[in-house]
Structure formats: structure tokens, C-alpha cells
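>>> sequence plus the predicted model coming up.
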Amino acid sequence: MKLEKKETQIEGAFLVKFIECNDYVITYDKKIFFENGLNLNFIQENESKSKKNVLRGLDIQKKYPQGKLISVIYGEIYDVIVDMRKNSKTYLKWQGFKLSKENRQLLYIPEGCAHGFYVKSDFAKVLFKVSNYWHPEDEIGILWNDPTLNIDWNLEGQTPIISEKNKSYKTINLIKELE
């Protein structure tokens, strides 16, 4: 089975369409992905539930980086990747993506990239397949409105709801942990 894969502006990141099979949808099939040149290995799956205007991230793990396969099973989000890999051609570049149940797109985020999302619908349920376990002591974050990155979160005039944890994140210029 051929996957519909689309490269992104971030090195190693890509979009893939869900695999539709009659009356159900496959969001991930290791064999099909492998046959299409996507040798991904996920060891954990996480679910996030959020209401409209919630902005989560930008999160990254230092010693235990996670590759992520993001899918939206309810609602719509604006998902953002920031490349934090110093050896990457796209280092410190960001890109945003509309992901929803309706557009049936999956986003693969390579290890070493920071990740966050903004909820556009009244409610959203997001699944994350990850390549490494979550280590809360290893997680750091970049402030969502970092002036160096200047990310356009597609807020459409809304004020985002930011958790206390995410409010405490630092700008890229202050993050020494990644060096």
C-alpha cells in the first residue's frame, strides 16, 4: 500500500495521510510505513485533551529526545515544530501545520525538535506516538512567544490559554541546557 507522504520545510519532518480502509482508518501501521521508506519505532502513545484557545509547548527533551507522530482524533489544532538540532540545515526554523480529524493528516516530528500546538476547535483530542519514554526531569521548554523565533500561532485575534508550566519556559537566548 502506497502512503501519501509530503515533505515539510523542517529537515526530517513530514506529513502523511491516514490510511483509509472501508469503514475504518489506520493511523499507523509499522509494516506499511516501513514499505514506504519510513522506518519509525514508537514505544509509547500519549493522549492530550484540550479546550479551545489552549496553547501547549514548546516542549523538548534534552538527553532522551522523542520523535513524535501526531494525529488529531477529534477537533482541530495548529501544530508547530521548531528545529533545535544544531547540525540540521533547518536549525532554529519553525513551521506550523493545520491538523484535524477532517483533513486526516499525521505529522512526524524528528528527534531534537521542539513541539507545541494551539487548539482551534471547541475541543481537541490529540494522540502522540513517541520514540522514547517521557522523562519529566529531562524536559525543557521554549517560551511560546519567543521573540527570536517570532512564531505566528494563527491565533486570529484570540488570547491563548497558557499553563503555569508553559509560562515559566525561557526564550531560546536564555536556554543554556541545549548547549
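Cool, got the structure.
>>> for this structure, just list every one of the helices.
Using DSSP state H, the helices of the chain run over 30-35, 164-167.
>>> most neighbours per residue, which of these?
helix 30-35 (a mean of 13; mean count of other Cβ atoms under 10 Å). No exception for glycine: its C-beta is placed from N, CA and C like everyone else's.
>>> by mean pLDDT, flag the weakest helix or strand of this structure.
strand 19-21 (a mean of 71; mean pLDDT, DSSP states H and E).
>>> tell me the buried residues in that one?
For strand 19-21, the neighbour count (16 or more other Cβ atoms under 10 Å) marks residue 19 as buried.
>>> what about the spatially closest residue to residue 85 that is not a sequence neighbour, neighbour count?
In this structure, residue 85 finds its nearest non-sequential neighbour in residue 112, 3.9 Å apart by Cβ to Cβ, 6 or more residues apart in numbering. For residue 112, the neighbour count with other Cβ atoms under 10 Å is 21.
>>> got phi/psi on residue 112?
Main-chain torsions, residue 112, degrees, to the nearest 10: phi 90, psi 0.
>>> so how far is residue 162 from it?
Per Cβ to Cβ, to the nearest Å, residue 112 is found 24 Å from residue 162.
>>> for the least confident helix or strand of the chain, the distance to its chain's centre please.
Strand 19-21 sits 22 Å away from the centroid of its parent chain (Cα atoms, centre = their mean, to the nearest Å).
>>> contacts for it, please.
Strand 19-21 has contacts (Cβ atoms under 8 Å, 6 or more residues apart in numbering) with 1, 3, 25-27, 29, 32, 104.
>>> filter those residues down to the ones in strands?
Counting by DSSP state E, the part of the contacts of strand 19-21 found in strands is 25-26.
>>> spatially, and excluding backbone neighbours, which residue is closest to residue 89.
Per Cβ to Cβ, 6+ apart, closest to residue 89 is residue 11, 5.3 Å.
>>> for residue 16, the count of nearby residues, please.
Residue 16 - counted by other Cβ under 10 Å - has 22 other residues nearby.
>>> scratch that, residue 62 is what I was asking about
15.
>>> and residue 111, by the same measure?
17.
>>> residues in contact with it?
With the criterion set at Cβ under 8 Å, 6+ apart, residue 111 makes contact with 65-67, 131-132.
>>> which of the residues you listed lies closest to residue 121?
residue 66 (25.0 Å; Cβ to Cβ).
>>> wait, isn't that closest one in contact with residue 135?
No - shown here, residue 66 and residue 135 do not form a contact pair, counting by Cβ atoms under 8 Å, at 9.3 Å.
>>> so for these two, which sits in the more crowded spot?
The neighbour count for residue 66 versus residue 135, taken as other Cβ under 10 Å, is higher for residue 66 (27 against 12).
>>> done for today, thanks.
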